[in-house]
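Engineer: Build me a model from this:
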Amino acid sequence: MTRASRPPFPVHVIDGGGGRDAPQFEIGPVLSHGPRETAAIPHRHEFLEILYVREGRGTHIIDGTAHPIAAHRLYLVRRGQVHAWVTPAPLDGTVVVFDEAFLAGPGASAAVDFSQYPNMLCPGAGHVPRLERLLAAMADEYTEGDDRADPITRHLLSALLLLCQRFDGFNAPEGSRAGPSAELGVEFTKLVAEKASATLTVRSAAMRLGVTPGYLRELVAAQTGRTPGQIIRSAVLTEAQRLLANTDMSCAQVADRLGFEDASYFSRFFRREAGAPPSAYRKQARERYQACLGA
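Structural biologist: The predicted structure follows:
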């Protein structure tokens, strides 16, 4: 791996077998499957994570936002997000990790756009028993491990994600719906998250997805209320913020990594989109992180 392609953050993968490209799923207690001693170091995942806290306190920092840790809360981390756990003592709870390919297999109810889910959800008291039962049932199937376990687990995971849409903090975009067009919207969101770069355009995204730019604009605007261009620029800004806040890369190095022609163009883009120059954002982000460590 060349220096230019080296990941700027520690990247965590699912430990299970089956190879890098095999659909994978794991569930278990936080103490054995969740945040380790190095969790306070900003890192990202090559999978999706749902962590349910029964008991614990501290702060969960996800893409620069500090979420307080408390009992009976869910924390959801998308692939590529940069996060860190700051906890004075080990958490008690359950963690679920999986990749998109697992969720798309037999037994899943429908395509789920994980990007619609906020990073923290607060189940009401009436939802907690149902949430606990779903997690316990998934854990049982994971332990069972026979030929029927994966489809049943996918069905239960789909049910969990649907139940999450009833929790405080979830607000689905207007116009979101199931069907082929919704699946295309999910694929666009995934593409942007994985390929966030100044070189990604609406036209090139449409070509990758096999549709016309006009159709993609119409579909995305109807489902999200935003244009594809706005979503791409937002993704590039988010990745730039991650790099500035959590690495020592120079402005020129960040610009190069994100496909900008030069550092001055990147600085103008960042100031326009974030309302502050890169250096000021980096200083403020690091001050916030240090404040969380000292809390």
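
Engineer: Residues contacting stretch 39-50, please?
Structural biologist: Surrounding stretch 39-50, the residues in contact under the criterion CB atoms under 8 Å, 6 or more residues apart in numbering are 9-14, 24, 61, 74-87, 95-100, 103, 114, 160, 245-246, 293. Where C-beta positions appear, they are placed from N, C-alpha and C, glycine not excepted.

Engineer: Okay, and which of those map to strands?
Structural biologist: With strands defined by DSSP state E, the entries of those inside them are 11-12, 61, 74-77, 83-86, 95-98.

Engineer: list the contacts for the residue sitting nearest the centre point of the chain?
Structural biologist: Using CA atoms, centre = their mean, the residue of the chain that lies closest to the mean C-alpha position is residue 78, 1.3 Å off. The neighbours of residue 78, taking CB under 8 Å, 6+ apart as the test, are 48, 114-115, 117, 193.

Engineer: and with 6 Å instead?
Structural biologist: Residues in contact with residue 78 (CB atoms under 6 Å, 6 or more residues apart in numbering) are residue 114.

Engineer: backbone phi and psi for it, please?
Structural biologist: Recorded main-chain torsions at residue 78 are phi -90, psi 160, according to degrees, to the nearest 10.

Engineer: Before we move on, what's the pLDDT of residue 88?
Structural biologist: At residue 88, the pLDDT value in this model is 88.

Engineer: My read is that residue 167 contacts residue 123, right?
Structural biologist: Yes: shown here, residue 167 and residue 123 form a contact pair, counting by CB atoms under 6 Å, at 4.8 Å.

Engineer: can you give me the helices in this protein?
Structural biologist: When assigned using DSSP state H, the helices of the chain occupy the ranges 30-33, 100-103, 128-144, 149-164, 180-194, 202-209, 213-224, 228-246, 251-257, 263-274, 278-294.

Engineer: next one: stretch 89-97 to chain centre, how far?
Structural biologist: For stretch 89-97, the separation from the chain centroid amounts to 17 Å (computed by CA atoms, centre = their mean, to the nearest Å).

Engineer: What ranges in this structure fall below the confidence cut-off?
Structural biologist: Regions of the chain meeting the criterion pLDDT under 70 cover residues 1-7, 15-23, 34, 37, 109-112, 172-182, 294-295.

Engineer: Kindly report the domain assignment for it.
Structural biologist: Taking automatic domain parsing as the domain assignment, the ranges for the chain are 11-164, 180-294.

Engineer: Serialize the ones you listed to TSV and add fields for distance to residue 171.
Structural biologist: Listed next are those as TSV, based on distance: least, CB to CB, whole Å:
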stretch	distance to residue 171
domain 11-164	8
domain 180-294	12
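
Engineer: on that earlier part again, drop anything exposed from the contacts of stretch 39-50.
Structural biologist: Buried positions within the contacts of stretch 39-50, assessed by neighbour count (16 or more other CB atoms under 10 Å), are 9, 12, 14, 24, 61, 74-87, 95-99, 103, 114, 160, 245-246.

Engineer: distance of the closest residue to residue 255 other than its chain neighbours from residue 205?
Structural biologist: Residue nearest to residue 255 in three dimensions, not counting chain neighbours: residue 266, with 3.5 Å by CB to CB, 6 or more residues apart in numbering. Counting by CB to CB, to the nearest Å, the gap from residue 266 to residue 205 is 20 Å.

Engineer: Residue 55 now?
Structural biologist: 43 Å.

Engineer: quick one: residue 108 from residue 54, how far?
Structural biologist: 27 Å.

Engineer: Run a quick neighbour tally on residue 133.
Structural biologist: Applying other CB atoms under 10 Å, we find 11 other residues in the vicinity of residue 133.
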